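Enquirer: From the sequence below, what's the structure:
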Amino acid sequence: MDFFEKLRQLPNHQTFVLFNKKSFLRTADRLTMRKDYKIFIASSEKLLDERQAIQLELAKLSNRYKNKNIYFEPAIWEDLDGGNDPVRKQDFYNRELSSCHAVVLIYWGQLGKFTLEEYNLALSLFVKNGRPRIYIFEKTPATDFSLNPDNVENLRRIKEVLHKKDKEQWPNRFEHKAELVKKMADDFGGLVDNGFFAAGETAELISPNGPENPAVFIGRGNELEVIQDRLSKQKHLLLVNAEGGIGKTTIVSRYWHITAHQYSRRAWLFCEGGILRALAELAPKLQVDLSGLDEDGQVLALKFALSKVHNDFLLILDNANDENEIKKFKSEFVGLDWHVLITSRCHNVLEKEQEYKIEHLPPPLAKELFLHHYPAEDNADFEATLDKVLSTLNYHTLLIEIFAKNLREAKEMDMDMKSFLVALETRGFYLGENSYEITTQYSGYVKKEAQTTDDILRILFDFSKLSEKQRYALMNLALLPSENYQLSFLLELFTTEDSKHEYRNTIKLLVRKGWLGENEEQYRVSPVVQELILKKYEDQLQADSFPLLEKLVELLESDAYNLTKLSLPKARPFALLVPHITRKLLAHPCWELGSINFGAGLYFKNRGEVSNERLCHEAYREIYTIFLRNEPDNLGYKNGLAISYEKLGGLYESLGDHQQALSHYKEDLRLTEEIYSSSPENLGYKNGLAISYSKLGGLYESLGDHQQALSHYKEDLRLTEEIYSSSPENLGYKNGL
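Expert: Numbers count the residues shown, from 1 in each chain. Next up is the predicted model:
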């Protein structure tokens, strides 16, 4: 028997009899460093020879790595007796699997239902906890036994899952068991080399503290796998980036905890105040005195101390959002053989293979996250309403968490999912008195006091560090629909010939800072950033948007029904912006906003796009209704409102909705009569009144009401004769007559 095995079996008091205190502590240290790794072997009874070969190979691996105190223990169903267990025997095996570090699944022509169950359990555990690692092996010779149709279907199902998960390298195929054990031995040897199978206790913490293990971790298992793979293959440095609150810190926190035994030392630094300042927090543990040193001296002192740290060191630089500091860190500390993970908003700062972008949760997982924090309501509309809420939140991980928790608190005030959706759609993300105190790990991550959902939003989307040019550019981009835009389109919309290069540099900087997304040289602002920056700078919105509106007025300037500045195809992308921009600016109406709706409305009429035409004409009507409400005696505003009714009347007439057409034409006539009565000498107003009679006359004619048609046409004729008599040289009036 091994000497230390004998020691392990001695009662505690006998241990102290054999050793003095100092020698015992050294021995106890060695004992605690032994690390046993349990390997679950899942297969059918047809593959007994292969299972036994794996058992033998695990014994050889244990012997190979005994100097590292690494031991492998096989777990196979023949050795697991669940006979006296009060539950189903397979449940006993599943419980055993849950404690394993790796699962080796072997199949040959078919797959038993319990083996499929074991795979699904292992996969769910890996996604949640980062283990067990899963290895799948397929025996390739033709089967020498009859196949069970149900088991063949099980095999088809698992292959479908593997294909969907883009695991083309799985399964590992073998013909003879020697190939199987060699491949498995090579894989396990690699896991020992990269630290997945590591001996010893939790890595020494040389930073002041580390992060909590995320209490909720949904749908990010694949990201963990990518990070592990990137660090093991590329070594050294990986920048994990995304907009704020997507979940990058949560993912890296989980990596920190599931790799606790893979490193000898590790440090977690919060870098909002700068990477160098954060690195200085390591000085006490490294026994470095930084007092009296300038910045360059501090870098040299830290670099010298850290160069002595072994290469099995994990350094996390969390919330490092200064691209220059990231580049400087890479430049100063290049060549140190550590694993470094940086979480950041920044993009395109390092080489492409050194950056990993985290995406939003897909809708099903976003829903699962919401329901984890807020129980489903017992009503028929709940699912549909929740889908709308998640879409409004843009499937943003942190927003889902905080608003689900906020809604749970708001239930006491009779706020349900429907009323919450109304609040989001009418008030935006800042809920004011309906923003309640909640508990979230985010506050701890950012090391700032944040209690309510509004507090968290103000911290998460802090625009104060943007320069004025950056803020102005982002503010105007936020007025556009959240879509991808070519730089050439943005340059035409937002710049003059002299400012194009400066604007391009600003856009690129916003991308690197993480405020803009870039995909194949197209740029986009997320709906969440749009909503929050427009709310933050609402008092500057009218002034900030004025140049954009002026540009659109120029681009969409119209004369009668024909655009004069642009051909119809070229005008389209600009016209399509108008309904969205109008929704964002309707609380700040101005002449330019009305003008672009008039021009875009005519464009959509020419194109036969009824829905967009209606949106523009209705917005034009709303704008002039507001104008007239504020200045009821302004004839120009009243005339603009009359025109909107005339345009909408024509739209409804073209759709065959004569009732709506008649209603709008009558309102147009009422307004034009008031305008003419207030200023009968104005030929333009008199001509507007004549047109109103003409429109109604035409509608009555189409309805078969010839008496009304005749009456209105006669009034149109009387007015146009008077207009022509007053200005016979005007060919337009003559044409009207």
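Enquirer: How about the contacts made by Leu61?
Expert: By Cβ atoms under 8 Å, 6 or more residues apart in numbering, Leu61 lies in contact with Phe72, Ala185, Phe188, Gly189. All C-beta spots, glycine's among them, are computed from the backbone N, C-alpha and C.
Enquirer: Surely the first one forms part of a strand?
Expert: Yes: residue assignment for Phe72, taken from DSSP: H, G, I helix; E, B strand; the rest coil, places it within a strand.
Enquirer: circling back: drop anything exposed from the contacts of Leu61.
Expert: Phe72, Ala185, Phe188 (16 or more other Cβ atoms under 10 Å).
Enquirer: Tabulate those residues (TSV), appending pLDDT and distance to Cys100.
Expert: Formatted as TSV, those follow (pLDDT from 0 to 100; distance: Cβ to Cβ, whole Å):
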residue	pLDDT	distance to Cys100
Phe72	90	11
Ala185	90	18
Phe188	89	13
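Enquirer: can I get the residues you listed in JSON lines with distance to Leu393?
Expert: Listed next are those as JSON lines, based on distance: Cβ to Cβ, whole Å:
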{"residue": "Phe72", "distance to Leu393": "46"}
{"residue": "Ala185", "distance to Leu393": "48"}
{"residue": "Phe188", "distance to Leu393": "43"}
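Enquirer: ok, those vs Ser291, which is closest?
Expert: Closest to Ser291 out of those is Phe188 (48.4 Å), distances taken as Cβ to Cβ.
Enquirer: That closest one and Lys182: what is the separation?
Expert: As judged by Cβ to Cβ, to the nearest Å, Phe188 and Lys182 stand 11 Å apart.
Enquirer: related to what we said a few turns ago, narrow the contacts of Leu61 to those in strands?
Expert: Phe72 (DSSP state E).
Enquirer: For the contacts of Leu61, please prepare CSV with the additional fields distance to Ile41.
Expert: As requested, those are exported to CSV (distance: Cβ to Cβ, whole Å):
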residue, distance to Ile41
Phe72, 11
Ala185, 14
Phe188, 13
Gly189, 18
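Enquirer: So which of the contacts of Leu61 belong to helices?
Expert: Mapping the contacts of Leu61 onto helices (DSSP state H) picks out Ala185, Phe188, Gly189.
Enquirer: Please tell me how far Phe429 sits from Val226.
Expert: From Phe429 over to Val226 (counting by Cβ to Cβ), the distance is 30 Å.
Enquirer: between the two, who's got more neighbours?
Expert: Phe429 (21 against 15; other Cβ atoms under 10 Å).
Enquirer: residue contacts, that one?
Expert: Neighbouring residues of Phe429 by Cβ under 8 Å, 6+ apart: Leu399, Leu457, Val528, Glu531, Leu532, Lys535.
Enquirer: Local confidence estimate at it?
Expert: In this model, Phe429 is scored at 80, pLDDT.
Enquirer: Which residues are in contact with Arg265?
Expert: Here Arg265 is in contact with Ala203, Glu204, Leu205, Ile206, Val309, His310, Asp312, Phe313, Leu314 (Cβ under 8 Å, 6+ apart).
Enquirer: Ramachandran angles for it?
Expert: phi -140, psi 150 (degrees, to the nearest 10).
Enquirer: Show me what it is bridged to.
Expert: Taking DSSP bridges as the rule, Arg265 bridges to Glu204, Phe313.
Enquirer: Quick check: it vs Ser99, distance?
Expert: Taking Cβ to Cβ, one finds Arg265 at 27 Å from Ser99.
Enquirer: With Glu622 instead?
Expert: In terms of Cβ to Cβ, Glu622 sits 65 Å off from Ser99.
Enquirer: neighbour count winner among those two?
Expert: Comparing Glu622 with Ser99 by other Cβ under 10 Å, the one with more neighbours is Glu622, at 17 against 12.
Enquirer: quick one: pLDDT of the more buried one?
Expert: In this model, Glu622 carries a pLDDT of 96.
Enquirer: Repeat that for Gln707.
Expert: In this prediction Gln707 is given a pLDDT of 95.
Enquirer: then the helix or strand it falls within to PDB, C-alphas only?
Expert: Using DSSP states H and E, Gln707 sits within helix 706-726. Provided in PDB are the C-alpha atoms of helix 706-726 (Å, rounded to 0.1, in the frame of the first residue of the first chain):
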ATOM      1  CA  HIS A 706     -75.300  64.400 -59.100                       C
ATOM      2  CA  GLN A 707     -77.200  67.300 -57.400                       C
ATOM      3  CA  GLN A 708     -74.400  67.700 -54.800                       C
ATOM      4  CA  ALA A 709     -71.800  67.200 -57.500                       C
ATOM      5  CA  LEU A 710     -73.400  70.000 -59.700                       C
ATOM      6  CA  SER A 711     -73.700  72.300 -56.700                       C
ATOM      7  CA  HIS A 712     -70.000  72.000 -55.700                       C
ATOM      8  CA  TYR A 713     -68.700  72.100 -59.300                       C
ATOM      9  CA  LYS A 714     -70.700  75.400 -59.900                       C
ATOM     10  CA  GLU A 715     -69.100  76.900 -56.700                       C
ATOM     11  CA  ASP A 716     -65.700  75.800 -58.000                       C
ATOM     12  CA  LEU A 717     -66.400  77.500 -61.300                       C
ATOM     13  CA  ARG A 718     -67.600  80.700 -59.700                       C
ATOM     14  CA  LEU A 719     -64.400  81.000 -57.600                       C
ATOM     15  CA  THR A 720     -62.000  80.100 -60.400                       C
ATOM     16  CA  GLU A 721     -63.700  82.700 -62.700                       C
ATOM     17  CA  GLU A 722     -63.100  85.400 -60.000                       C
ATOM     18  CA  ILE A 723     -59.500  84.300 -59.500                       C
ATOM     19  CA  TYR A 724     -58.800  84.400 -63.300                       C
ATOM     20  CA  SER A 725     -60.400  87.800 -63.600                       C
ATOM     21  CA  SER A 726     -58.200  89.100 -60.900                       C
END
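Enquirer: For that helix, enumerate the helices and strands it packs against.
Expert: Helix 706-726 sits against helix 683-703, helix 731-736, with contacts defined as 3 or more Cβ pairs under 8 Å, 6 or more residues apart in numbering; DSSP states H and E.
Enquirer: Around Asn551, count how many other residues there are.
Expert: To be clear, residue 551 is Lys; Asn isn't right here. 18.
Enquirer: the helices in the stretch 201-350 of the chain, which residues?
Expert: According to DSSP state H, counting those that start in this stretch, the stretch 201-350 of the chain carries its helices in the segments 221-234, 248-258, 275-279, 283-286, 295-306, 323-333.
Enquirer: and Glu409, which of the ones you listed is closest to it?
Expert: Going by Cβ to Cβ, the one of the helices of the stretch 201-350 of the chain nearest Glu409 is helix 248-258, 21.9 Å.
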